[in-house]
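Peer 1: This is a predicted model, with the sequence first.
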Amino acid sequence: MRRIDRATLASTLSAAAIFASTAFIGAQAPAGPPSTPAPAAGQAVAPPAGRGGVPGTESGWATFQGQCYGCHRNESPDGSPTAGSIRQLTPERIFESLAGRNHGGVALSDIQKQRVAEFMAGRPMGSAGAGEASSMPNRCTANPPMADPASAPSWNGWGNDLANTRFQAAAAARLTADNVSRLKLKWAFGFPKGVTNNSQPTVVSGRVFASGDNGYTYSLDAKTGCVYWSFQNGSIVRNSPMVGAVSGQGATQWAVFFGDGHANVFALDAQSGRQLWKTRVDDHVVARITGSVKYHEGRVYVPISGSEEFNSGNKDYPCCTARGGVAALDANTGKELWKTYLADPPKPWKKPANGAQLYGPATGGVWNSPTIDPVRGALYVGTGDAVTPPESPLTDAVIALDLKTGKLLWSHRATENDLFMGGCAGPNRSEACPPTMGPDYDIGNSPILVTLSNGKRALFAGTKGADVLALDPDANGKVLFRVNPSGQPVGFSGRGRGGIVWGGAADSRQVYYGMGAAGLGAVQSPDGKTAWVFTATGTGGRGSAALGAAPTAIPGVVFQGSGDGRLFAVSAADGKQLWEFNTAQDFDTVNKVPARGGAIATAGAVIVDGMVYISSGYAISSGASAGNALLAFGVE
């Protein structure tokens, strides 16, 4: 893809001309509010009334792909701006360019323009500059030198350890089954202009590192929520930052690493928020980093995913070329050391009568944070489904890669014959659409590496069919057992009540998985027997709460979030509820930003030093409840 410097682009590209030559491609756009009149030169453009779309909403990609991609591709032979160059612009600039313009005779509604602008830019309109720490009333009065992260209780990254157990030991948790019922809200922080809250905080050296969809990352005091610094990277961050040691960066000792919605990885000075380096790990137009990076021994391991499969079934779209993978970067410099994809480079495989070249193979993403096994010198990830043929054997699988080289060591595929692509309904269906769709059974969660009571090791992962797999990492992924605590048949390929998407947790006896409407299941790790299943009635007594977020365990307690915004604490012994808090409400925040909680559907709770931290407001999917709150609880 052709890269264009932002300054050059701004000086040479008229905002009014970005989409001027766009031809209509695909079906008639749905009716919506009337188009915004074209602004006068230099006039600011306000977003449409009401939020409408949210950043990351895949309908923004669908609208761009269906109505703009014909002229604005990865390569643009006629000189039109490329899709990649448009993604470098602000959402305000993109929206302004769309305002008042008919594209091939079809006018986009204001909401469609907003969704396109926010998806392509990767953050909400109006967020630039709004999230600066310098303008917040809760600035910390001092910024003392950070202590060694190993010197105090912490939760660092997605899984809190190399094995991704999402477990916090008693000494660091300083919270027990006896006092968890006394948890009370201590402080709330609002992400300015935030619309959807997907990122999980990291707590290291008494500081909270948290990112939002507004393109900002913050450093906050863990006890009070006062803000040390902010950094604007320009695109949504859906994952958990991770702190690690660096060298060769002057006085900087500790860096915070994270990935964004444009497939960039950043390293910031953890003390000051100063950018140390930035590396883009994939140049596909809709490549992104959804899972959290993992730091280990001077390297940063990066999961690569993308948005292409979510809505690429339009017959005029040259589908599909995105591939999931994993990259390894030098933590000191950001230099790429290796990159491994799930499939070979896509090649042309079919050209329908309309001339839209089709490509394959394309694969789903690596949506999860890598698991590190120092014993085997291996890295483990779960992988997504295939998108276009030929089907890669590394899809819907747990794969093991060599830490040093990225070479494939072994793989275990959980689901065969799984080709899935969004946008394949209706008469405008592409010939790239699979004859049989799905079942779309990604392994989207991080494998969990545990030591069993008999001394042997096991690697656990969950499927969207709610199967729990136990593999032997010391025997090339040999299956130890495969069970389904939701009550569905093992290997079920339909759409049942249960499904494991975002993750699990483990203690010394059991593994725990949120299974959506089927509840939170506890599986005995040595033999796969179901110990208990916790379910909760939905808000207002309607149906069952969707318990799909990643759970978190401490001795005697499992924390689980729900799609209706509640956070539960459950006894690890018998699955009985110990505590509940409804986050789907408005909050007074320490930074005086209007904030509301919503769905807790992806990231889980973080427990450190007697405090519980949770992000609330996941709204990527249309049925979820939006929010922009980071909440901190403590025992009274």
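Peer 2: Nice, I can see it.
Peer 1: hey, which helix is longest across the chain?
Peer 2: helix 110-121 (DSSP state H).
Peer 1: That one - contacts with which helices or strands?
Peer 2: Contact analysis of helix 110-121 by 3 or more Cβ pairs under 8 Å, 6 or more residues apart in numbering; DSSP states H and E lists helix 58-67, helix 83-87, helix 91-98 as its packing neighbours. For every residue, glycine as well, the C-beta is placed using N, CA and C.
Peer 1: Can you add mean pLDDT and give those back as TSV?
Peer 2: As requested, the helices and strands packed on helix 110-121 are exported to TSV (pLDDT from 0 to 100):
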stretch	mean pLDDT
helix 58-67	77
helix 83-87	89
helix 91-98	88
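Peer 1: now for those, which one comes closest to Gln577?
Peer 2: Among these, the nearest to Gln577 by Cβ to Cβ is helix 58-67 (34.4 Å).
Peer 1: Could I get the full set of strands for the stretch 451-600 of the chain?
Peer 2: Here the stretch 451-600 of the chain has its strands, by DSSP state E, counting those that start in this stretch, at 457-462, 468-472, 478-483, 504-506, 510-514, 520-524, 530-534, 552-554, 557-561, 566-571, 577-582, 586-587, 595-596.
Peer 1: Remind me which helix or strand the residue nearest to Trp338 when sequence neighbours are not counted belongs to.
Peer 2: Nearest non-adjacent residue to Trp338, counting by Cβ to Cβ, 6 or more residues apart in numbering: Gly406, 3.7 Å away. If you go by DSSP states H and E, Gly406 is not part of any helix or strand.
Peer 1: circling back: let me have the strands of the stretch 451-600 of the chain in TSV, adding mean pLDDT as columns.
Peer 2: TSV is the format used below for the strands of the stretch 451-600 of the chain (pLDDT from 0 to 100):
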stretch	mean pLDDT
strand 457-462	98
strand 468-472	98
strand 478-483	98
strand 504-506	98
strand 510-514	98
strand 520-524	98
strand 530-534	98
strand 552-554	98
strand 557-561	98
strand 566-571	98
strand 577-582	98
strand 586-587	98
strand 595-596	96
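Peer 1: any chance of these in a markdown table, with mean neighbour count and distance to Ile620 too?
Peer 2: As requested, the strands of the stretch 451-600 of the chain are exported to a markdown table (neighbours: other Cβ atoms under 10 Å; distance: least, Cβ to Cβ, whole Å):
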| stretch | mean neighbour count | distance to Ile620 |
| --- | --- | --- |
| strand 457-462 | 26 | 20 |
| strand 468-472 | 23 | 25 |
| strand 478-483 | 15 | 29 |
| strand 504-506 | 28 | 21 |
| strand 510-514 | 30 | 17 |
| strand 520-524 | 26 | 22 |
| strand 530-534 | 18 | 25 |
| strand 552-554 | 28 | 21 |
| strand 557-561 | 28 | 15 |
| strand 566-571 | 23 | 19 |
| strand 577-582 | 16 | 21 |
| strand 586-587 | 18 | 21 |
| strand 595-596 | 24 | 17 |
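Peer 1: closest one to Asn214 among those?
Peer 2: strand 595-596 (12.0 Å).
Peer 1: do you know how far Asn354 is from Gly66?
Peer 2: 14 Å (Cβ to Cβ, to the nearest Å).
Peer 1: mind listing what Thr537 touches?
Peer 2: 543-545 (Cβ atoms under 8 Å, 6 or more residues apart in numbering).
Peer 1: Got a quick PyMOL command for the buried subset of the residues you listed?
Peer 2: Selection of buried members from the contacts of Thr537 for PyMOL, criterion 16 or more other Cβ atoms under 10 Å:
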select buried, resi 545
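Peer 1: Which one of the contacts of Thr537 is nearest to Phe209?
Peer 2: Ala545 (29.3 Å).
Peer 1: thought that closest one was touching Gly561?
Peer 2: No. Ala545 is not in contact with Gly561 according to Cβ atoms under 8 Å; the separation is 9.6 Å.
Peer 1: and for these two, which residues touch both?
Peer 2: Listed as contacting both Ala545 and Gly561 by Cβ under 8 Å, 6+ apart is no residue at all.
Peer 1: returning to what we had before: need the next SSE after the longest helix of the chain, C-terminal direction.
Peer 2: Next element after helix 110-121 (DSSP H and E): helix 170-173.
Peer 1: coming back round to it: would you turn the strands of the stretch 451-600 of the chain into CSV with distance to Arg429?
Peer 2: CSV is the format used below for these (distance: least, Cβ to Cβ, whole Å):
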stretch, distance to Arg429
strand 457-462, 31
strand 468-472, 33
strand 478-483, 34
strand 504-506, 36
strand 510-514, 34
strand 520-524, 37
strand 530-534, 39
strand 552-554, 42
strand 557-561, 36
strand 566-571, 39
strand 577-582, 42
strand 586-587, 43
strand 595-596, 38
